[in-house]
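Student: here is a sequence together with a model predicted from it:
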Amino acid sequence: MARRRVLGFTLVELCVVLAVVGVLASIAWPSYQSQLQRSRRADAVAALLRLQFEQEKHRAHHGLYASQLSALKGSAAPRSGDGLYDIELRGGGDRYEARAIARADTQVASDTGCTVLSLQVRDGLADFAPSTRCWNR
């Protein structure tokens, strides 16, 4: 008697495929989350670098750095482009510190170690804090 061939997958084959997919997803997920954090941090980096550019223009015209964001023309704003960080400016004269502070109601609030990015400029020389990792370098 001829045996009829059954098409399809067995339950064991489906379980093996699901297990492999689960292992691959558990390996890829942390890397994906890390890339998302880096891309969100780029919002703060861009805002601080725009502020630095505006400060250098202000210094070229007035001889000193501005002490308030409102004194800067152009793209210096109290919030980053995507609205994830608050931007604040301290100092003035021959030095200043610009900080991007993660907003508590956004996804970047949980970015461990990089919730505050700082750009300190003294006599035209910049120092980036807290680490180069936070600045995506």
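Tutor: Nice, thanks for sending it over. Numbers count the residues shown, from 1 in each chain.

Student: so for the host helix or strand of Leu117, what gets flagged as buried?
Tutor: Taking DSSP states H and E as the criterion, Leu117 maps to strand 116-122. Across strand 116-122, burial judged by 16 or more other C-beta atoms under 10 Å covers 116-121. Every C-beta, even on glycine, is put in place using the N, C-alpha and C of the backbone.

Student: stretch 78-95 too?
Tutor: 80, 84-87, 89, 91.

Student: over to stretch 107-118?
Tutor: 108, 111, 114-118.

Student: and what of stretch 119-137?
Tutor: 119-121, 134-135.

Student: returning to that earlier point: dump the buried residues of stretch 78-95 to JSON lines, plus pLDDT and distance to Asp43.
Tutor: Below are these laid out as JSON lines (pLDDT from 0 to 100; distance: C-beta to C-beta, whole Å):
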{"residue": "Ser80", "pLDDT": "91", "distance to Asp43": "5"}
{"residue": "Leu84", "pLDDT": "93", "distance to Asp43": "5"}
{"residue": "Tyr85", "pLDDT": "94", "distance to Asp43": "6"}
{"residue": "Asp86", "pLDDT": "94", "distance to Asp43": "12"}
{"residue": "Ile87", "pLDDT": "94", "distance to Asp43": "10"}
{"residue": "Leu89", "pLDDT": "94", "distance to Asp43": "17"}
{"residue": "Gly91", "pLDDT": "90", "distance to Asp43": "23"}
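
Student: nearest to Gln55, of those?
Tutor: Taking C-beta to C-beta as the measure, Gln55 sits nearest to Leu89 out of the buried residues of stretch 78-95, at 8.3 Å.
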